[in-house]
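**Q** Below: sequence and its predicted model.
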Amino acid sequence: MYSTVKMLHSYWAYLVFLMLVVATFNALFKTFTNKEYEARDFRISLFTLIVSHIQFLIGIILWFVADYFGEMSMGEIMKNSAIRNVAVEHPVAMLLAIAFITIGYSKHKKKLTSAKKLKTIAIFYSIALILVLAKIPWSTWF
């Protein structure tokens with residue numbers, strides 16, 4: 001089960017990353033060029049929200065299925081940078097990224113003008129993208 005969940009989590013991450021990049025740059029481009037908010041922008045941001053939440057659920061399952069901790073105490077885990085990164089830092093950073101995506105999506109729906117909608121998505125999704133870029137395990141991606 002562990003290998004299946006890990007594989008699913010690894011491959012789904014490419015879709016999440018692609019959608020987050022597309023949604024962020026779409027919102028940034030339209031914000032800086034004063035374009036109008038369209039139904040396509042809503043769908044892009046919604047699809048990004050959905051795929052990122054699915055990825056987070058898969059990650060939670062992986063976190064519980066994986067035996068990161070074994071017989072180690074929390075002090076030993078925190079001293080081991082490789083295990084700390086996988087078991088603590090990566091999940092916390094991704095939780096924050098999901099929170100920013102969710103908050104940005106929720107806030108943008110309440111805005112009345114195109115500029116404010118796009119600016120909200122641009123800000124919150126950019127912060128999420130920075131967090132994702134900071135904590136992607138690059139060594140396993142390439």
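**A** All right, it came through fine. Numbering: from 1, shown residues only.
**Q** quick one, what contacts M72?
**A** N80, I83 (CB atoms under 8 Å, 6 or more residues apart in numbering). All C-beta spots, glycine's among them, are computed from the backbone N, C-alpha and C.
**Q** Quickly note the distance from it to T33.
**A** 52 Å (CB to CB, to the nearest Å).
**Q** so who does H108 touch?
**A** S45, K116, K117, L118, T120, I121, F124.
**Q** Kindly recompute the last result at 10 Å.
**A** If a contact means CB atoms under 10 Å, 6 or more residues apart in numbering, then H108 has 27, 37, 41-42, 45, 116-125 as its contacts.
**Q** Of those residues, which is the most crowded?
**A** Within the contacts of H108, Y125 tops the neighbour count with 31 neighbours, counted by other CB atoms under 10 Å.
**Q** give me the element that residue is part of.
**A** helix 114-135 (DSSP states H and E).
**Q** average model confidence for that helix?
**A** For helix 114-135, mean pLDDT is 94.
**Q** Same question for stretch 35-42.
**A** 92.
**Q** This protein: helices as residue ranges?
**A** With DSSP state H, the ranges of helices along the chain come out as 2-32, 39-65, 74-79, 81-84, 90-110, 114-135, 138-141.
**Q** Please identify the most buried of the ones you listed.
**A** Ranked by mean neighbour count under mean count of other CB atoms under 10 Å, the helices of the chain are led by helix 114-135, which reaches a mean of 20.
**Q** Pull the distance from it to the chain's centre.
**A** Chain-centre distance of helix 114-135: 11 Å, with CA atoms, centre = their mean, to the nearest Å.
**Q** Please apply the same query to stretch 58-68.
**A** Centroid displacement of stretch 58-68 relative to its chain, using CA atoms, centre = their mean, is 17 Å.
**Q** Would you quantify the distance from S114 to L129?
**A** 21 Å.
**Q** one step back: which two of the contacts of H108 have the greatest separation?
**A** Using CB to CB, these span at most 16.8 Å, a distance reached by F42 and I123.
**Q** For the protein, give me the ranges with low pLDDT.
**A** Along the chain, segments meeting pLDDT under 70 span 68, 141-142.
**Q** one more time with 90
**A** 1-3, 5-7, 10, 63-89, 109, 112, 114-115, 135-142 (pLDDT under 90).
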